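Asker: Show me the folded form of this:
(one chain, ligands or ions: 1)
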Amino acid sequence: MTYILGISAYYHDSAACLVRDGEILAAAQEERFTRKKHDHNFPANAVEFCLRYAEIAGSEVDLVAFYDKPLLKFERLLETYLDYAPAGIRSFIKATPLWLREKLWIREQVSRECEYKGKVLFTEHHESHAASAFFPSPFESAAVLTMDGVGEWATSSYGYGKGNELHLLGELHFPHSLGLLYSAFTYYTGFKVNSGEYKVMGLAPYGEPRYVDKILNELVDLRDDGSLRLNMQYFNYCQGLTMTNSRFDELFDGPARKPEALLTQRHMDLARSIQEVVEIAMLRMARHVHKETGESNLCLAGGVALNCVGNGRLLREGPFENVWIQPAAGDAGGSLGAALSVWYQYLENPRNVETICQGHQDGMQGSYLGPRFLSDDIQDYLDGIGARYQRLNTSELVAGVAQILAEEKVVGWFQGRMEFGPRALGARSIIGDPRSPRMQSQMNLKIKFRESFRPFAPSVLRESVADFFEMDCDSPYMLLVAPVKSELRRAMSADEEALFGIEKLNVPRSTIPAVTHVDYSARVQTVRREENPLYYDLIAAFGRLTGCPVLVNTSFNVRGEPIVCTPEQAYTCFMRTEMDCLVMEDFVILKGEQGDASFVDDLAWQEEFQLD
Ligand SMILES: [Fe+2]
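Answerer: The predicted model follows:
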């Protein structure tokens, strides 16, 4: 047996995964263990979990694969500095000590942290993304497209995979980057670069695309093949500590929005405009890749592939018959790509789609690759803190929870192995009734402690997806946005149309208002029984009860915290919020029956309601 440990670290979202003879045994992001969102440190806890899961020691690992080439990256940093010197001295000084202390010593650090003495192999950043997109996909052959901010030099790459081979045919280079262009607008509209991008995407439907021409004329030279050159006179990320500069401010009618400052129509128009430009670029890239490869399947990864609105449009308007997106499309998934790349390309093992899928729809096992907690351990924990609970068999549990949901109650759903990737997919989820007109604000204000301009996402049975949404394909990882079916929509009155921001979102606009955005779109997760039988059965039972086999599915966490990992974190989150019910494996815990929650620390951590 060959064990390959994949690691991504030191940039954003560190993670580890373990592959045994090509099979993905375990994968997790470090943030879930350290409780530090997007933790970029060496993923010591995630590594430990992977090894524990496989019941092996670090010394039994055959090869370690790291997801990028630190020396190449350092070279890029150095060259960029020299190109702009002395302008970039501040950012250079800020970055250098970390590089000299940690990032260039990965081999040593891996040996130390993992008690591992063997080889450490390094794959290039976009090779890792490409491998994470193709190798676990259900395709024998496919085109591959990766897009992100930046790796070493590459910011996007394309090519094709066939059997156990992956060939990259072309790439775009720093500083010209679709991801960094989007991040520049993320920064400029007042959100956090590297994590606020999905907020820009969520804000876009409120705006008008009135800056599109300006972006395409001034900022970016976007060619027919999707390749692009940015006009660096407007950007500051090569030499400064910000993304954009004063020329950018002039071009877009004012300074960058300060985080948490009021959102205005202008910010919404900016969001809509950059979203439109990114979609155009994604479509052009996809058409080019299609032409160059002649493939009918497309695999996507890299941070830009988390842009599910763009993905949905690519599927509807693009040239590919099938699109498969790696659920951990960001840098966390690079650990997986690196490990699989070593297995298939370095060790030249054959790749067989049927073996990879093992009766599932792809090789990711629903992305349920994290830790699982046994019923006995959960019971010990619950008994230890004096929690009141009922232990039910599966059919009682499914029927009971479906009933609770139908009564507009909000349920914490903690089941099986934690998801790998940024989305909760029914293992660490908070769920509710999407038909309820008050569910949206109730979940936002009383449970997530935020006031969001984004609606929640729906989980729907795969066979029912076309009854609710204008799509009829799998979207297991919530990475495709589709319109809500027109028959289910409710037309807005003129007064309602004139409402601004969240007010507008809070007007029911379909029969499933909690998951319908202001442009009638929804971020869909389709659920098949073979991926998650219990979650499937629950949605089906809710469907039998209500005629609506759809649930609201949001991640099990509160604002600013990583998704919960352990029963203790789940129970604490449950007690701190106004969730009505918590279901952990076969235990049902009702809020009304719990006693004093004084062991939960004071509620000072609750931030004031802010736009999320
Ligand atoms: Fe990346």
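Asker: I'd like to know how many residues surround Pro327.
Answerer: By the criterion of other Cβ atoms under 10 Å, Pro327 has 30 neighbours. Heads up, the C-betas are built off the backbone N, CA and C, glycines and all.
Asker: wait, isn't it in contact with Asp362?
Answerer: No - the criterion here is Cβ atoms under 8 Å, and Pro327 misses it with Asp362 at 9.3 Å.
Asker: Could you name every residue contacting both of those two?
Answerer: Both Pro327 and Asp362 are contacted by Pro476, under the criterion Cβ atoms under 8 Å, 6 or more residues apart in numbering.
Asker: And the residue nearest the centre of the chain?
Answerer: The C-alpha lying nearest the average C-alpha coordinate of the chain belongs to Pro422 (Cα atoms, centre = their mean; 3.2 Å).
Asker: Pull the number of nearby residues for Asp249.
Answerer: 14.
Asker: Might you report the residue contacts of it?
Answerer: The contact partners of Asp249, by Cβ under 8 Å, 6+ apart, come to Pro255, Ala256.
Asker: a helix runs through it, doesn't it?
Answerer: Yes - counting by DSSP: H, G, I helix; E, B strand; the rest coil, Asp249 is located in a helix.
Asker: Could you point out which residue ranges in the stretch 251-400 of the chain have low pLDDT?
Answerer: Within the stretch 251-400 of the chain, the set of residues satisfying pLDDT under 70 is empty.
Asker: Show me where it has its helices.
Answerer: 265-293, 308-317, 332-341, 353-357, 375-384, 394-406 (DSSP state H, counting those that start in this stretch).
Asker: Tell me which of those helices approaches Leu369 most closely.
Answerer: helix 332-341 (8.7 Å; Cβ to Cβ).
Asker: Pull the distance from the closest one to the chain's centre.
Answerer: Averaging C-alpha positions (Cα atoms, centre = their mean, to the nearest Å) puts helix 332-341 15 Å from its chain's average.
Asker: Next, Arg489: phi, psi?
Answerer: phi -80, psi 150 (degrees, to the nearest 10).
Asker: Okay, now the unreliable bits of this protein?
Answerer: Using pLDDT under 70, the chain drops low at 85, 92, 96-104, 596-612.
Asker: OK, now which residue of it is nearest to the ion?
Answerer: Asp148 (3.6 Å; Cβ to the ion).
Asker: What sits closest to that residue if chain neighbours are left out?
Answerer: Closest residue in space to Asp148, ignoring its immediate chain neighbours: Gly302 at 3.7 Å, by Cβ to Cβ, 6 or more residues apart in numbering.
Asker: quick one on the thing from earlier: so the residue nearest to the centre of the chain sits against Ala305, correct?
Answerer: No - with contact defined as Cβ under 8 Å, Pro422 and Ala305 do not form a contacting pair (11.4 Å).
Asker: Contact residues of the protein facing the ion?
Answerer: Asp148, Asp331 (Cβ under 5 Å from the ion).
Asker: Where does Leu169 fall, secondary structure wise?
Answerer: Using DSSP states H and E, Leu169 sits within strand 165-173.
Asker: gap between the helix or strand that comes right after that strand and the chain center?
Answerer: With elements assigned by DSSP H and E, the helix or strand that comes after strand 165-173 is helix 178-188. When distances are taken as Cα atoms, centre = their mean, helix 178-188 is centred 17 Å away from the chain's centroid.
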